[in-house]
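Participant: below are the sequence and a predicted model for it; my questions follow.
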Amino acid sequence: MGLFDTLKKAGNSTYDALQKNAEEIQELKDRLDHYSDDQLFQELRYGSYQKKAACSLLLQERGYSREEVAAVIKGRK
């Protein structure tokens with residue numbers, strides 16, 4: 001097994017992990033879609049990384065800017 005085989009294996013593993021994470025976030029988005037904006041902002045403060053990502057995406061789809069969402073995550077709102 002050469003260096004390139006090792007790098008390919010590491011790359012595939014990373015890709016698989018990212019794909020799984022993206023799927024989890026999409027599933028959360030689907031489950032949280034019925035939440036009100038206030039409930040989504042609440043989850044931004046206390047949720048897991050995946051839940052925060054899903055809430056952030058949903059809020060942006062509803063018209064909030066990335067800056068507004070980031071301010072809540074950082075505790076400025």
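Facilitator: Yep, that arrived. Numbering: from 1, shown residues only.

Participant: residue closest to the middle of the protein?
Facilitator: Centroid-nearest residue in the chain: Ala53, 2.4 Å away (criterion: C-alpha atoms, centre = their mean).

Participant: quick check, that one in contact with Gln26.
Facilitator: No. At 10.0 Å, Ala53 does not count as touching Gln26 under the criterion of C-beta atoms under 8 Å. The way it works is simple: take the backbone N, C-alpha and C, and place the C-beta from them, glycine included.

Participant: number of nearby residues for the nearest residue to Lys52 once chain neighbours are set aside?
Facilitator: The shortest distance from Lys52 to any non-neighbouring residue, by C-beta to C-beta, 6 or more residues apart in numbering, is to Leu44 (5.5 Å). Other residues lying near Leu44 total 22 when counted by other C-beta atoms under 10 Å.

Participant: can you classify Glu67 as helix, strand or coil?
Facilitator: helix (DSSP: H, G, I helix; E, B strand; the rest coil).

Participant: return the residues in contact with Asp33.
Facilitator: Counting by C-beta atoms under 8 Å, 6 or more residues apart in numbering, Asp33 touches Leu58.

Participant: what about 10 Å?
Facilitator: Taking C-beta atoms under 10 Å, 6 or more residues apart in numbering, we find Asp33 in contact with 40, 54, 58, 61.

Participant: what's the answer for Gly75, then?
Facilitator: Arg45.

Participant: do you know how far it is from Phe41?
Facilitator: 12 Å (C-beta to C-beta, to the nearest Å).

Participant: what ranges of this structure fall below the confidence cut-off?
Facilitator: Scanning the chain for pLDDT under 70 picks out 1, 7-8, 10, 76-77.
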